[in-house]
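1. Predicted model follows, preceded by the sequence.
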Amino acid sequence: MNLRKKIFLFTAALVSVVFVTALALVQWQVQSATVADNRQHLLATAAAVREHEQDVVRNRQERGKLLARAPRLAEALERRDPAELALLARSLRQWLPGTQLLALAAADGRILAANGFPGRLDDAGLATAEPLRSALAGGSGHGMWVVGGQLCDVVAAPVESPANGRRVGAVLVGLNVGTTALRHLRSLIQNDILLVSADGRVLASSLPAAL
């Protein structure tokens, strides 16, 4: 093989190596840019979700404070009559449109009546968890509860006796964070949402059921 052919073959091989290297570099840059763009988009989506959630929570906290001042509520909590409290919880939930979940708690945190929740609220740890912990201390609380396998977004407000200002319990107002709520949120942020519990269970999703 003469020198000219050797130079030609060497040049062709070098060009091939440079081309492949350049192609790999371009692909890596594109992938890096895509990852960076996706990360920025995810952060922006998370910020939008957080802002929407804060607005919703503030609105429901105002509802909770309004309900806490409802006539007869403090007296009913002091009497602790189960039938009276069950009727009151149902009527208060109906009285305030858009209220999906409502519960009444005693001053010790025990749930005395509940309406709309997908399961029982008899866990002894609820009194030390948000939102009850803050409400029983005199503030407005917000927290997420898993009840009956469903995620419930709940706020709470303290109930005080109009006679002496003594704290006699708390009222809880909430909503089920299910498929309908997530699909509504998806329409606002243009992204699908999947809520997963700490043990890996899917609690709610905006994705089609077939997926």
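-> Yes, it's here.

2. Mind jotting down where the helices sit in this protein?
-> 3-68, 73-79, 82-95, 132-136, 179-189 (DSSP state H).

3. Give the burial count for the residue nearest to Gly119 when sequence neighbours are not counted, as a bare number.
-> Sequence neighbours aside, Gly148 is the residue nearest to Gly119 in space, at 2.7 Å (criterion: Cβ to Cβ, 6 or more residues apart in numbering). Quick note: C-beta positions are derived from backbone N, CA and C, even for glycine. Counted by other Cβ atoms under 10 Å, the residues lying close to Gly148 total 12.

4. Spit out the contact partners of Gly148.
-> Contacts for Gly148 (Cβ atoms under 8 Å, 6 or more residues apart in numbering) come out as Phe117, Pro118, Gly119, Arg120.

5. what's the answer for Asn176, then?
-> Here Asn176 is in contact with Gln100, Leu101, Pro118, Gln150, Leu151, Cys152 (Cβ under 8 Å, 6+ apart).

6. Please tell me how far the fourth one sits from Ala129.
-> In this structure, Gln150 lies at 17 Å from Ala129, with Cβ to Cβ, to the nearest Å as the measure.

7. ditto for the first one
-> Counting by Cβ to Cβ, the separation of Gln100 from Ala129 is 20 Å.

8. Provide the partner residues of the nearest residue in space to Leu101 that is not next to it in sequence in its beta bridges.
-> Spatial nearest neighbour of Leu101, chain neighbours left out: Gly174 (3.8 Å); criterion: Cβ to Cβ, 6+ apart. Beta bridges link Gly174 to Leu101, Val154 when assigned by DSSP bridges.

9. What is the burial count for Gly174?
-> 25.

10. What of Leu96?
-> Using other Cβ under 10 Å, the number of residues around Leu96 comes to 15.

11. ditto for Gly125
-> Neighbour count for Gly125, taken as other Cβ under 10 Å: 8.

12. likewise His142?
-> Counted with other Cβ under 10 Å, His142 comes out at 21.

13. circling back to that earlier point, which of the contacts of Gly148 tops the neighbour count?
-> Phe117 (21 neighbours).

14. do you know how far that one is from Leu104?
-> 12 Å.

15. now swap in Ser134 and tell me
-> Relative to Leu104, and taking Cβ to Cβ, Ser134 is found at 16 Å.

16. What ranges in this structure fall below the confidence cut-off?
-> 1-39, 41-50, 52-53, 178-191, 193-198, 201-211 (pLDDT under 70).

17. at 80 instead, please
-> 1-57, 59-60, 98, 149, 177-211 (pLDDT under 80).

18. if we can go back for a sec, so between Ser134 and Leu104, which is more surrounded?
-> Legend: neighbour count by other Cβ under 10 Å for Ser134 and Leu104, higher for Leu104 (24 against 19).

19. Distance-wise, check the residue nearest to that one when sequence neighbours are not counted relative to Gln40.
-> The shortest distance from Leu104 to any non-neighbouring residue, by Cβ to Cβ, 6+ apart, is to Ala113 (4.7 Å). In this view, Ala113 and Gln40 are 47 Å apart by Cβ to Cβ.

20. Check Leu92 too.
-> 44 Å.

21. before we move on, what about Phe117?
-> Using Cβ to Cβ, Phe117 is found at 38 Å from Gln40.
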